[in-house]
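A.B. asks: I would like to see how this sequence folds:
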Amino acid sequence: MITEFFFLLFAIMAAAGAVMVVASKNPVASLMFLVLTLFAVAGLFVLLEAHFLAAVQVIVYAGAIMVLFLFVIMLLNLGHDRSDLRSMAGRVTAVVAGAALFAGLATILGRGAVTEMAGGMGAETVRAVLESRGAMGAVADPLFRSYMVPFEITSLLLLVAVVGAIVLARRKAP
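C.D. replies: Numbering: from 1, shown residues only. Sure, this is the predicted structure:
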C-alpha cells in the first residue's frame, strides 16, 4: 500500500516536472523542473530496488549534468525573450511531434510489445537476470557489451555541444 502511494507520488512528480520543463518560459526555471523530474525518477529507481541507479541518477544527472546545463545557460545568456520558439510554426511542430510520440507509445503499449523494449526478453527472463546478476549487472552487461559504441558517441556529442556553446559565447565577447 505504501509502495503504491510513493510510486504514484514519484510518477506524478516526474510527469508534472516534465510538463513544466517544456511549459516554463524561463530557462533556469526549466532547468530546476528538470532537476525535480530527475529526483522523481531516482525515487522510482529506489522503489524498484535499483539503489545504484538511483544514486547515479542523482549524482551524475541531477548533479553534474544539471550544473553543466546551468553553466551553458548562463554562459549563453539565455534569459532573454524566446519569441522565435513561440511562433505558430513552432507550436504546430511541437503539437505534431508530441502527437506522433504519443501515438508511437500507445501503439507499442497496445500491441503488448513491452518485452521488445527489454531486448526481446520475457518477464521471467528479466526476473532471472535480475536475480542472477542484480540490477547493476543487468544494466552494466548490455551497456558495456552491446551498447558501448552508442554510449561513447553520446558522450562525444555532449562534449561537442559544450565546446560549441563556449565557441558561440566567445564570438559575442569584444
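A.B. asks: and the helix or strand hosting S155, what does it pack onto?
C.D. replies: With secondary structure defined by DSSP states H and E, S155 is part of helix 148-172. Where contact means 3 or more CB pairs under 8 Å, 6 or more residues apart in numbering; DSSP states H and E, helix 148-172 is packed against helix 66-76. C-betas here are computed from N, CA, C, even on glycine.
A.B. asks: pull the helix or strand with minimum mean pLDDT from this protein.
C.D. replies: Among the helical and strand segments of the chain, the one scoring lowest on mean pLDDT, DSSP states H and E is helix 114-117, with a mean of 52.
A.B. asks: residue ranges for the helices of the chain, please.
C.D. replies: If you assign secondary structure with DSSP state H, the helices in the chain sit at 2-23, 27-47, 51-56, 66-76, 88-111, 114-117, 123-145, 148-172.
A.B. asks: if we can go back for a sec, how about the helix holding S155, which residues are buried there?
C.D. replies: Going by neighbour count (16 or more other CB atoms under 10 Å), the buried part of helix 148-172 is A165.
A.B. asks: nearest residue to the middle of this protein?
C.D. replies: L38 (7.3 Å; CA atoms, centre = their mean).
A.B. asks: so what's the residue count around the nearest residue to that residue once chain neighbours are set aside?
C.D. replies: On the basis of CB to CB, 6 or more residues apart in numbering, the spatially nearest residue to L38 that is not a chain neighbour turns out to be A62, at 4.2 Å. Number of residues near A62 (other CB atoms under 10 Å) recorded here: 19.
A.B. asks: what residues are up against A62?
C.D. replies: Contacts here follow CB atoms under 8 Å, 6 or more residues apart in numbering; on that basis A62 touches V35, L38, F39, A42.
A.B. asks: can you rerun that using 6 Å?
C.D. replies: The contact partners of A62, taken as CB atoms under 6 Å, 6 or more residues apart in numbering, are V35, L38, F39.
A.B. asks: could you do V35 as well?
C.D. replies: Contacts were defined as CB under 6 Å, 6+ apart; by that measure V35 touches A62, M66.
A.B. asks: go again using 10 Å as the cut-off
C.D. replies: Contacts were defined as CB atoms under 10 Å, 6 or more residues apart in numbering; by that measure V35 touches G17, V21, V58, Y61, A62, G63, I65, M66, F69, L70.
A.B. asks: that'll do, ta.
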